[in-house]
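Engineer: got a sequence here, can you model it:
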Amino acid sequence: MNDTRTSLDIKEYPDSEVQKNRIITQEEWQDNWVNHKIGFHQAEGHQLLKKHLDNFLKGESGLRVFFPLCGKAVEMKWFADLGHSVIGVEISELGIREFFMEQNLSYSEEPITELPGAKVFKSSSGNISLYCCSIFDLPRANIGKFDRIWDRGALVAVNPSDRGRSVLAPSRSYHTCCVCISHVSPVSFISPQTSSSP
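Structural biologist: So this is what the prediction gives:
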């Protein structure tokens, strides 16, 4: 007897109920970086972005490209090398430092006045600025508008009930946003506490 079902026919994986209720804290996220449990990182960059880069850029130069939950994405260097400005946000300082180290880029760091405890790391060339803070706090840093957004997993990493609070909120307008979702993990994430929270 032939089984004609496909993976799309399966509504739930056997252990998905346990995973749906799993909550990952900021501390666990930081531990993942420390212990190099960053399977989401693509050392060679995302192949779909490589393939469709011209469509994404539309022949424009000097764009401001935003990377939510940027980690140490190598694509940030691609855009900077093409003359664009890169703005990223990542809660893990280790991820940001690894980006600059692995890309052999010198940088400076400074506190973000509007966000106590947060920092911005800037490349010496001036066209890469990575904010070490919660994506929920970033709008308070007044970093301006973006021409493009490259999201390779931030949307699914944010708890659905919190997406309206993030810089990627649907109520905001963007010129071009490319969201690449390879799969949705049934894992919940605790929303980071903002610095204004008790």
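
Engineer: this structure: strands as residue ranges?
Structural biologist: Using DSSP state E, the strands assigned to the chain run over residues 23-24, 64-67, 85-90, 107-111, 119-123, 128-132, 148-151, 176-179, 188-189.

Engineer: I'd say Tyr107 and Ser125 touch.
Structural biologist: No: with the criterion set as CB atoms under 8 Å, Tyr107 and Ser125 do not qualify as a contacting pair; they are 9.3 Å apart. No exception for glycine: its C-beta is placed from N, CA and C like everyone else's.

Engineer: with neighbour numbers in mind, choose between these two.
Structural biologist: Just comparing Tyr107 and Ser125: by other CB atoms under 10 Å the higher neighbour count belongs to Tyr107, 19 against 12.

Engineer: quickly list what that one is bridged to.
Structural biologist: For Tyr107, the beta-bridge partners under DSSP bridges are Ser123.

Engineer: OK, contacts around it?
Structural biologist: By CB atoms under 8 Å, 6 or more residues apart in numbering, the contact set of Tyr107 is Phe100, Phe121, Lys122, Ser123, Ser124, Ile128.

Engineer: highest neighbour count among those?
Structural biologist: Ile128 (26 neighbours).
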